[in-house]
Every structure is written in C-alpha cells, then in structure tokens.
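**Student:** Provided below for reference: sequence and predicted model.
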Amino acid sequence: MEYTVQVRMNDKLFLRDPESSELGRRIVRQSIMLIADIGFEEMTFRKLADRISTKEASIYRYFENKHRLLVYLIAWYWQWLEYQVIFHTNNLTDPREKLDRILKILLLKNLSPPTFSLGADNIDVSALHIIVIREASKAYLTHHVTEDNRQQLFKPYKDLCGRLASIILEYRPDYPYARSRASSIIETAHYQAYFMQYLPSLTDFGGQPEGLPTGEDRLLEFLRHLLFSSLDAPIQ
C-alpha cells in the first residue's frame, strides 16, 4: 500500500514551485538521477537540461542555482525520512524499540510499506539516499549558512533531529545531550556508510566472507552500540 503525502516545501528554496508543473517535476526527479550518477560537483544545469530535453534557462526559472536545488532535494529527503519515523514507530510504546527501529530507518534497512511520496509521482528514494550520504553536508557547509538558516532552509533536518531527541528523552529523561546525540547518530550513519563504500580503511565494515554479517549489518550493530552505550552510561 502506498500513501501520498503532500508537503509544502520552503518557498525560499525555489523561484517557482517545481511540483506545480510537469517540467518542474522532471527537473527534480532527473536531477536526482544525474547527481547520483555523476556527483554534485560535475552536475550542471546545462547537463540537466540536455538530460530532460529542455533549455538551461527553463531550469533557472525554477531554481536560482544548483546549490538551492541540492538543498531542496536534501530537505525533501529529511521530510520523507521523518514520515517514515512517524509511521514505523507509531504503534510502538517501548522507547528502546523505537530507537532501534529508527536506526534501521536511517540505513533504509528492511523498510516495509507503506512508502510515502511527497509529490504527484514517485521520487527514486534509493538514489536520493545515495545523494544524502555523499552530498548532504554540502547543503550547509557554506559561507552563507547563517543566512540560509535564517530562512529556515534546514528546518526539515532540525525537525528530524528534534523528533529523535524527544525519543531519546523518552528512553532516558535525564540525558543532557539529546539533540547532540540525535544529530551525531544521523551523521555517523551516513559518514560510515560513505566510508564503507569509498574509504574502507576508516571503518570496520568492509566486505565479509560468506556466512558472516554484511557490512551494513555490522554498521547497524555499531550504531546500536554507539547510541545505547552512551544512553546507558552514568552521567559524570
């Protein structure tokens, strides 16, 4: 079963709402595939225009530049991920079980239906997940981060971290670092996934012989250890 959830994106991210037209939707969906294929640095509006058989100027009617397009895509993903968290923890009462479920969601591991489409037709979430792992930090590691933050461009990420932090506090109400732990566990999940694929000497999750846990399974166990060992430890 699939549910369509309409979410209003921050209108500071675009010049014209891409979900308002067929061309806009193609720009968003094909930019995901292009960035996943060649990377954000190599992606240009000219290449995207060639891919969707339109003029480069047409894309500039929707997005001021490719950085705003990247922030749009990353923000879309964080909202989609928060919906997954809401749905897949809604029937759980044990906060430890909720946190364990969220760790799996961060890795898109064993994610059962329903899925959520935030637009008129589906976005390739697997490809977007790859972009988030590789490129998400580029959305805010900029000289204009303060101005972008003032315009609330990062609110979806903050909302996701805030939701995770609230569940951490359900598990341990006196834990003083809930937001820091929430954001760090999300970043760790993505950085370690990136290292596992491209810089394996920075992880312990390289390829395993047949019959042993996969790198992704070991990464999940590491995230569990990182989260619960800190939550269960005495506060000095």
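**Tutor:** Arrived safely. Numbers count the residues shown, from 1 in each chain.
**Student:** quick one, longest helix in this structure?
**Tutor:** Longest helix of the chain, by residue count under DSSP state H: helix 66-89.
**Student:** tell me what it is packed against?
**Tutor:** Counting contacts by 3 or more C-beta pairs under 8 Å, 6 or more residues apart in numbering; DSSP states H and E, helix 66-89 packs against helix 22-38, helix 95-106, strand 115-117, helix 125-135, helix 155-171. (C-beta placed from N, C-alpha, C; glycine too.)
**Student:** In CSV: the ones you listed, plus mean pLDDT.
**Tutor:** CSV is the format used below for the helices and strands packed on helix 66-89 (pLDDT from 0 to 100):
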stretch, mean pLDDT
helix 22-38, 97
helix 95-106, 97
strand 115-117, 49
helix 125-135, 94
helix 155-171, 98
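**Student:** between these, which gets nearest to residue 214?
**Tutor:** Residue 214 sits nearest to helix 95-106 of all those, at 13.6 Å, using C-beta to C-beta.
**Student:** That closest one versus helix 155-171: what angle between them?
**Tutor:** 150 degrees (axes from the mean of the first three to the mean of the last three C-alpha atoms, to 10 degrees).
**Student:** Need the contact partners of helix 95-106.
**Tutor:** 81, 84-85, 88-89, 92, 110-111, 164, 167-168, 170-171, 185-186, 189-190, 220, 223-224, 227-228 (C-beta atoms under 8 Å, 6 or more residues apart in numbering).
**Student:** could you flag which of those are buried?
**Tutor:** Buried by 16 or more other C-beta atoms under 10 Å: 81, 84-85, 88-89, 164, 167-168, 171, 185-186, 189-190, 220, 223, 227-228, out of the contacts of helix 95-106.
**Student:** which sections of this structure are below the confidence cut-off?
**Tutor:** Applying pLDDT under 70 to the chain flags residues 1-7, 110-121, 207-213.
**Student:** Pipe the helices and strands packed on helix 66-89 into a markdown table and attach distance to residue 12 per row.
**Tutor:** Shown next, in a markdown table, are the helices and strands packed on helix 66-89 (distance: least, C-beta to C-beta, whole Å):
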| stretch | distance to residue 12 |
| --- | --- |
| helix 22-38 | 16 |
| helix 95-106 | 27 |
| strand 115-117 | 23 |
| helix 125-135 | 20 |
| helix 155-171 | 10 |
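**Student:** between the ones you listed, which one is nearest to residue 178?
**Tutor:** helix 155-171 (4.0 Å).
**Student:** Downstream of the closest one, the next helix or strand is which one?
**Tutor:** Under the assignment DSSP states H and E, the closest C-terminal helix or strand after helix 155-171 is helix 178-198.
**Student:** Remind me what that following helix packs against, helices and strands.
**Tutor:** helix 95-106, helix 125-135, helix 155-171, helix 215-232.
**Student:** mind checking which of those is nearest residue 74?
**Tutor:** helix 125-135 (6.2 Å).
**Student:** Can you tell me what sits against the closest one?
**Tutor:** Residues contacting helix 125-135 (C-beta under 8 Å, 6+ apart): 32-33, 35-36, 39-40, 70, 73-74, 76-77, 80, 108, 115, 190, 193-194.
**Student:** Buried by neighbour count, from those residues: which ones?
**Tutor:** Buried among the contacts of helix 125-135 (16+ other C-beta under 10 Å): 32, 35-36, 40, 70, 73-74, 76-77, 80, 115, 190, 193-194.
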